[in-house]
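Participant: Coordinates for the following, if possible.
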Amino acid sequence: MHKKPHLPEKTCPVCQRPFSWRKKWAKDWDQVRYCSERCRRNRSLQP
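Facilitator: Purely as a prediction, here's the structure:
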């Protein structure tokens, strides 16, 4: 099985879980803040 241990990671400010780089975020990795669409939608529900 191929593993990708050297991909960059960030922590989602909503769920506090780490998420790693994906190819679909290659062009705008610096602007990616949330791990999922669900977290992006729920960003205003956080205290």
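Participant: And the residue nearest the centre of the chain, its phi and psi?
Facilitator: Geometric centre of the chain, nearest residue: Cys35, 3.1 Å, by Cα atoms, centre = their mean. Note on Cys35: its backbone torsions stand at phi -80, psi -20 [degrees, to the nearest 10].
Participant: so where's this protein shaky on pLDDT?
Facilitator: 1, 46-47 (pLDDT under 70).
Participant: sorry, back to before: so the residue nearest to the centre of the chain touches Arg17, yeah?
Facilitator: Yes - using Cβ atoms under 8 Å, Cys35 makes contact with Arg17 at a distance of 6.3 Å. C-betas here are computed from N, CA, C, even on glycine.
Participant: Relative to Val14, how far out is the residue nearest to the centre of the chain?
Facilitator: The gap separating Cys35 from Val14 is 8 Å, by Cβ to Cβ, to the nearest Å.
Participant: And the helices in the protein, which stretches?
Facilitator: 37-41 (DSSP state H).
Participant: That one: strands as residue ranges?
Facilitator: 9-11, 18-20 (DSSP state E).
Participant: Go through those strands and name the closest to Arg41.
Facilitator: Proximity to Arg41 (Cβ to Cβ) singles out strand 18-20 among the strands of the chain, at 15.9 Å.
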